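Asker: predicted model and sequence follow; I will ask about them next.
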Amino acid sequence: MSKHIMRPIRNVEYDHWNWTIDETYDDRRSSLKTEMVEEIDQESENNYPVFKKKLKLDTDIDNIQKLYDDYHNFVTNKNLMEQQKKNALDKAVDSMHDKLGTWNKVRKWKTDISRSLLKEPKEHDRMLKSLCREETEKAYYAGPKGKALQLLEISKKKAKHILNSGLPLDTAVNAIGVEMNTQKINLDLPKNMFNPSTAIEHKK
């Protein structure tokens, strides 16, 4: 029976495994984020009709669209009435802007809801979809699926702790591999990398 040689982790080995841990966990994080973004996009699209209905802006949107069409048709043919029509449009835009401002005090949106965007009906859906996606993303990451990123970070810290624990290299790397497995990360190790004869060669 061959004698198992125990040796501490050398600096170059530590640097290698420290880099390997960062790279493998970062790769897994990137993969998870890609999957989550796709799911968030789909959920946001599915949530949009309910989200839009909840804000009760249909009347405002329809009103702005009608006044927008009326205004732009009018100014093309009769400049004398331009200001009156524009005032009606501005009032409708102000109404929608005030409502969204009230919602924003509660929802704390990051999406731009500036008044200038509301003047263009074609911008309404784009902006509201952005708001809907923002809320969907926030809810998603706060839910069970979003916990996967937190668990990944916790697992990475455990792997770093194992690397810095002072264990022999083979024991540490095997333990790191087991920990990575909990996050569906496969740590590919070269065959016989911990063979005693290999360790003796490195020691010479």
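Answerer: Sure, I can see it. Numbers count the residues shown, from 1 in each chain.

Asker: from now on I want contacts and neighbour counts done on CA atoms only, so please keep to that.
Answerer: Noted.

Asker: in this structure, which helix or strand is least confident?
Answerer: One helix or strand of the chain scores below all others by mean pLDDT, DSSP states H and E: helix 196-203, with a mean of 48.

Asker: would you mind giving the domain segments of this structure?
Answerer: 11-34+147-203, 47-142 (automatic domain parsing).

Asker: quick one, longest helix in this structure?
Answerer: Looking across the chain with DSSP state H, the single longest helix is helix 11-55.

Asker: my guess is residue 187 contacts residue 177, does it?
Answerer: Yes: between residue 187 and residue 177 there is a contact under Cα atoms under 8 Å: 5.6 Å.

Asker: can I assume residue 92 is in contact with residue 60?
Answerer: Yes: with contact defined as Cα under 8 Å, residue 92 reaches residue 60; the gap is 6.8 Å.

Asker: looking at the two, which is more packed in?
Answerer: residue 92 (21 against 17; other Cα atoms under 10 Å).

Asker: sorry, back to before: average model confidence for the longest helix of the chain?
Answerer: Across helix 11-55, the average pLDDT comes to 92.

Asker: from the chain's centroid, how far away is it?
Answerer: Taking Cα atoms, centre = their mean, to the nearest Å, one finds the center of helix 11-55 at 6 Å from the center of the full chain.

Asker: what does the host helix or strand of residue 76 contact?
Answerer: If you go by DSSP states H and E, residue 76 is part of helix 58-77. Contacting residues not belonging to helix 58-77 are listed as 81-82, 85-86, 88-89, 92-93, 95-96, 119-121, 124 [Cα atoms under 8 Å, 6 or more residues apart in numbering].

Asker: now do the longest helix of the chain against helix 58-77, angle only.
Answerer: 80 degrees (axes from the mean of the first three to the mean of the last three Cα atoms, to 10 degrees).

Asker: I'd like to know which elements helix 11-55 is packed against.
Answerer: Packing partners of helix 11-55 (3 or more Cα pairs under 8 Å, 6 or more residues apart in numbering; DSSP states H and E): helix 121-142, helix 147-163.

Asker: tilt between that helix and helix 121-142?
Answerer: 130 degrees.

Asker: quick check: angle from helix 11-55 to helix 147-163?
Answerer: 170 degrees.

Asker: out of the helices and strands packed on helix 11-55, nearest to residue 191?
Answerer: helix 147-163 (20.3 Å; Cα to Cα).

Asker: and the closest one, what's its mean pLDDT?
Answerer: 90.

Asker: mind putting the domains of the chain into a markdown table with distance to residue 41?
Answerer: As requested, the domains of the chain are exported to a markdown table (distance: least, Cα to Cα, whole Å):
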| stretch | distance to residue 41 |
| --- | --- |
| domain 11-34+147-203 | 11 |
| domain 47-142 | 7 |
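
Asker: closest one to residue 40 among the ones you listed?
Answerer: Per Cα to Cα, nearest to residue 40 of the domains of the chain: domain 47-142, 6.0 Å.

Asker: return the distance of the closest one from the chain's centre.
Answerer: With Cα atoms, centre = their mean, you get 26 Å for domain 47-142.

Asker: buried set for the helix or strand containing residue 100?
Answerer: Per DSSP H and E: residue 100 is located in helix 82-107. Within helix 82-107, the residues that count as buried by 16 or more other Cα atoms under 10 Å are 82, 85-86, 88-90, 92-94, 96-97, 100-101.
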